[in-house]
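Trainee: Next one to model:
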Amino acid sequence: MKAMRFVSPGAPLVLTEVSLPSPRGHELLIRVQACGVCRTDLHLLDGELPAIPFPVTPGHEIVGTVAALGPEASEFRIGDRVGVPWLAFTCGECLYCRSSRENLCERARFTGYTRDGGYAEQVLADERYCLPLPAAGAAAELAPLLCAGLIGYRAYRLACLGETVGEPRRLGLYGFGAAAHLLAQVARAQGVQVFAFTRPGDTAGQRFARELGAEWAGGSDERPGEWLDAAILFAPVGALVSAALGCVRPGGRVVCAGIHMSDVPAFPYRLLWGERSVSSVANLTRADGREFLSLAARLHLKATVQRFALGDANLALERLRSGALEGAAVLELPEA
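Mentor: As a prediction, this is how the structure comes out:
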């Protein structure tokens, strides 16, 4: 099969012929229909994630159909459509796994990072970490739900559903890309007012946010005319922590939703004072996946996507890096 592989530090992805072994244990062999392009993939290529196991195939927003089953696989059948998210394996034994926090597992493995991912025609995945997907619907529009949607939703629950957040709820989203454009739909459906912050001068991004129901949209260097109850940072820019703190009311929360962020500069204590808080979100749990996909189906979430061929993965990544995307980039593979 063909795969876009990350073969050496600082190099672009290379289209490579790869042979996969037969699935073992609980593994599924999955024929990839689409794979979302995530900012985490950029962090991988930029060497901002530790201990990268070269060569590796990126991609962790995978939609595909089951082509073969390992001898212990029993949850899916050949032909089923499945989703493969970021979390690929947990030990089930550490403190975090035993306390329903498998997202923090000490020996976790991750799709498209420590296990080969979906920038490929086929992928192997442990069925216990795969998610069932509806057979109907465009694969490219389902793919962003598997990370942009999932991580956004986990951040949203932490930011907005806590006891300190009262009505009316006002939520700031810093960086209006793949995750934010899905989360804005969830928030609006639940009566939360959305305030979208883009790169300064990104009028197209601000227009897109307003089209999705944002109450206000402006640059990350601006302040809306009212306090926010919470803010989520999708842009990996450490300086936005203090900017967001300056916009949330006393008791409000700032949640950093990325796997990597530039260093957070020093800021005056007065921005944090008033029982404001700053926290991060790490990875996801399988329970997050099931809950969010159920919600996405009920709300009929609509992902705005730009489609690319597998061999154009480097172009898709550069479009993501430059901010020249509306919604999410997705690699779409032709049907066999």
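
Trainee: and residue 158, that one's in a strand?
Mentor: No. Residue 158 is assigned helix when assessed by DSSP: H, G, I helix; E, B strand; the rest coil, not a strand.

Trainee: my read: it touches residue 279, true?
Mentor: Yes. In this structure residue 158 lies within contact range of residue 279 using C-beta atoms under 8 Å: 6.5 Å. All C-beta atoms are positioned from the backbone trio N, CA, C, and that covers glycine.

Trainee: Give me the more crowded residue out of these two.
Mentor: Shown here are residue 158 and residue 279; by other C-beta atoms under 10 Å, residue 158 has more neighbours (18 against 11).

Trainee: about what we covered before: tell me, what's touching residue 158 and residue 279 both at once?
Mentor: 253, 255 (C-beta atoms under 8 Å, 6 or more residues apart in numbering).

Trainee: check contacts around residue 215.
Mentor: Residue 215 is in contact with 170, 193-195, counting by C-beta under 8 Å, 6+ apart.

Trainee: Go through those residues and name the one nearest residue 106.
Mentor: Residue 106 lies nearest to residue 194 out of those, by C-beta to C-beta, at 35.8 Å.

Trainee: Any figure for the gap between the closest one and residue 207?
Mentor: Between residue 194 and residue 207 the distance is 14 Å, computed by C-beta to C-beta, to the nearest Å.

Trainee: What of residue 262?
Mentor: 27 Å.

Trainee: Send me stretch 238-254 as CSV with only the CA atoms.
Mentor: As requested, C-alpha coordinates have been extracted for stretch 238-254 and formatted as CSV (Å, rounded to 0.1, in the frame of the first residue of the first chain):
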residue,chain,number,x,y,z
GLY,A,238,1.5,30.9,24.8
ALA,A,239,1.0,34.7,24.8
LEU,A,240,-2.8,34.1,24.4
VAL,A,241,-3.0,32.8,28.0
SER,A,242,-2.7,36.3,29.4
ALA,A,243,-4.9,37.8,26.7
ALA,A,244,-7.7,35.3,27.5
LEU,A,245,-7.3,35.9,31.3
GLY,A,246,-7.8,39.5,30.6
CYS,A,247,-11.2,38.8,29.0
VAL,A,248,-12.7,36.3,31.5
ARG,A,249,-14.6,37.4,34.6
PRO,A,250,-13.6,36.6,38.2
GLY,A,251,-14.1,32.8,38.7
GLY,A,252,-13.7,32.2,35.0
ARG,A,253,-11.6,29.6,33.3
VAL,A,254,-9.0,29.5,30.5
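
Trainee: Pull out the buried residues from that stretch.
Mentor: Buried positions in stretch 238-254, judged by neighbour count with 16 or more other C-beta atoms under 10 Å: 239-249, 251-254.

Trainee: Over to stretch 204-222?
Mentor: Within stretch 204-222, judged by 16+ other C-beta under 10 Å, the buried ones are 205-206, 208-209, 212, 214-218, 220.

Trainee: Out of the residues you listed, flag the one nearest to residue 303.
Mentor: residue 212 (11.3 Å).

Trainee: Now that closest one. Nearest residue, chain neighbours left out?
Mentor: residue 184 (4.8 Å; C-beta to C-beta, 6 or more residues apart in numbering).

Trainee: And what about that neighbour, helix, strand or coil?
Mentor: Per three-state DSSP, residue 184 ends up helix.

Trainee: Distance from the lowest-mean-pLDDT helix or strand in the chain to the middle of the chain?
Mentor: Here the helix or strand of the chain ranked lowest by mean pLDDT, DSSP states H and E is helix 148-160, holding a mean of 92. In terms of C-alpha atoms, centre = their mean, to the nearest Å, the centre of helix 148-160 is found 10 Å from the chain centre.

Trainee: Okay, buried residues for it please.
Mentor: Result for helix 148-160 [16+ other C-beta under 10 Å]: buried residues 148-156, 158-160.

Trainee: Now the two most distant members of the contacts of residue 215.
Mentor: Those two in the contacts of residue 215 that are separated most widely, counting by C-beta to C-beta, are 170 and 194, at 8.3 Å.

Trainee: Would you map the helices across the stretch 101-250 of the chain?
Mentor: Here the stretch 101-250 of the chain has its helices, by DSSP state H, counting those that start in this stretch, at 139-142, 148-160, 178-189, 203-211, 240-245.

Trainee: Can you give the strand pairings for the longest strand along the chain, parallel or anti for each?
Mentor: Across the chain, the strand with the greatest residue count (assigned by DSSP state E) is strand 27-37. Using DSSP bridges, strand 27-37 pairs in its sheet with strand 62-69 (antiparallel), strand 122-126 (antiparallel), strand 328-332 (antiparallel).
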